[in-house]
Structure formats: C-alpha cells, structure tokens
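Let me see the structure of the following:
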Amino acid sequence: MPERLVIIPTFNEIENIEAIIRKIFSQKIHCDILVVDDNSPDETAKKVASLQDEFQNQLHLLVRKHKSGIGTAYIKGFKWALERDYQYIFEMDADFSHNPKDIERLYNACVNQDAKMAIGSRYIKGVNVVNWPMSRVLMSYFASKYVRFITQMPIQDTTAGFVCYHRSVLESLNLNKIQFVGYAFQIEMKFKAHLRGFKIVEVPVIFTDRTKGESKLSGNIISEAIFGVIKMKFKSLFRKRI
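Numbers count the residues shown, from 1 in each chain. Below you'll find the model as predicted:
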C-alpha cells in the first residue's frame, strides 16, 4: 500500500470523475484514491465502481445515503485513511479546479520542509484564479483576509480546499467534534492545526474553475463561514483545545 491517499468527495460529478481519476493515477508519484460519494443521482458512484477492476487495490469507494456536506465527507475519508497505513492524506476536488500535477508539489513541500500541512494557495503570490467572475474572486479573496484577521492565522488562503495533511495532524484532532460541514470546514481544519503548533506551508497553485458540472457553493455555506469563524475564534479564547 502506498503512503499517499487522495480523498475526492463527489455529488453529481459524472462528467469529471473518470478523467480526474485517470489523471491522478498518471502522475509520477503514486497515490491511492478514495472517492466519497453522496449517493449522486447521476450515478457517479457507479462509474467509480466500474473502474475498480482496472485499478485494483488503488481506487476505493465509499457511498453515503444522503448529501451531507463536504466536511462530513472528508471526515469519513480521514477516518478511513487513519484506519490504514497512509502517511499523507490529500483533499482534492473532482472538477479539475485543483491540478493533479500539483499533488507532487504539495507532497514535496511537506517532506522537504518538514511541514505537517501543505496548502495549495491561490493567494500566496497575487491572485491565481482562472475563469471566475470578478465578483467571486473578490468574495473569496476578502473572505480569506477576513478569516486571517479574525483568527490571526499566518495563512494567506484560509479557505483553500487543496490540502496535504500528514497523518499526525488528523490523529491529533477529535474528528467527531469538527463543527462545520461546508465552506467553513476548510477554515476550521487549518485553525485547529495552527492552534496545535503544526508547521503549515503554502504552495502557490493556479485554481481553474470547473468547465463541466455545477458548483456546489451556496449562500448557506458562505454564511456558515462568516459567522462560524467568529464563534470558533471566541471558543478558542476560553479553551486550550478546540
């Protein structure tokens, strides 16, 4: 079993899932893949299952009964990974907004810089986002600035969803107590790693908006991030560990 696992949460990603799986497996460094599917009506899980014979013992699938949020999908994937011997666990979208070629760069950042978390950062060197309308670029950019101001984390892209964790980070967290399920999940994971003193590095990446399928971003997810960050920071002032 390789030491690296890429977790991909999916809901209605039939247009992207086979291509992203093949692209990840074609990279120079090998990673296993775990797809966590929320019972997609478009049969994304069925497509993944059809590829498992070709990628035996490399491509894994968990299917949940309902659409329950990206955060809980990742938590399920993290627990699965920790039950096995994976040392580096990646978060990655199915829609090619995260470039599979950057998996190696995130991994090398951890190994070569002795970091326990590497973040694929859109904002460490200017704004590296392609195909987003300006309104969404500004919303995302200033959301990260807002989160950084509230939490005092030394991280430019606090909402990034392309991340490599060393297993020690995930082992240190009570995964059952992660509060957020949407956009704010990414913030909470970084904040808790920061509070525990893990070394975190940012790797500049180019984020390219999806060309197939539909975005899952909603007003409720954004609201969770805005108000949830204040609540999370407030709690941290009164607890040694959150």
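
ok, Tyr183 touching Thr158?
No. Counting by CB atoms under 8 Å, Tyr183 sits too far from Thr158 to count as a contact (10.7 Å). (Each C-beta comes from the backbone N, C-alpha and C, glycine too.)

Find the residues that touch each one of the two.
When CB atoms under 8 Å, 6 or more residues apart in numbering defines a contact, no residue borders Tyr183 and Thr158 alike.

If you rank every helix and strand of this protein by mean pLDDT, what lands last?
Least confident element among the helices and strands of the chain, by mean pLDDT, DSSP states H and E: helix 219-236 (a mean of 69).

Quick one: distance of stretch 16-36 to the chain centre.
Put simply, stretch 16-36 sits 15 Å off its chain's centre (CA atoms, centre = their mean, to the nearest Å).

pLDDT of stretch 4-12, averaged?
The pLDDT scores in stretch 4-12 average 97.

in this protein, which spans are helices?
17-25, 44-51, 70-82, 102-113, 134-151, 167-172, 183-195, 219-236 (DSSP state H).

Buried deepest among these, which one?
Scoring those by mean neighbour count under mean count of other CB atoms under 10 Å gives helix 183-195 as the most buried, with a mean of 23.

Can you tell me which helices and strands it packs against?
Judged by 3 or more CB pairs under 8 Å, 6 or more residues apart in numbering; DSSP states H and E, helix 183-195 is in contact with helix 70-82, strand 117-121, helix 134-151, strand 163-166, strand 200-204, helix 219-236.

Quick one: closest of the ones you listed to Lys192.
Evaluated with CB to CB, these place helix 219-236 nearest to Lys192, the distance being 8.9 Å.

Other residues contacting stretch 149-158?
Under CB under 8 Å, 6+ apart, the answer for stretch 149-158 is 119-124, 143-144, 147-148, 186-187, 190-191, 194, 200, 202, 229-230, 232-233.

low pLDDT regions in the chain?
1, 126, 132, 210-226, 238-242 (pLDDT under 70).

Quick check: bridge partners of the most centrally placed residue in it?
The residue lying closest to the centre of the chain (CA atoms, centre = their mean) is Glu91, at 3.3 Å. On the basis of DSSP bridges, Glu91 is bridged to Ile7, Val163.
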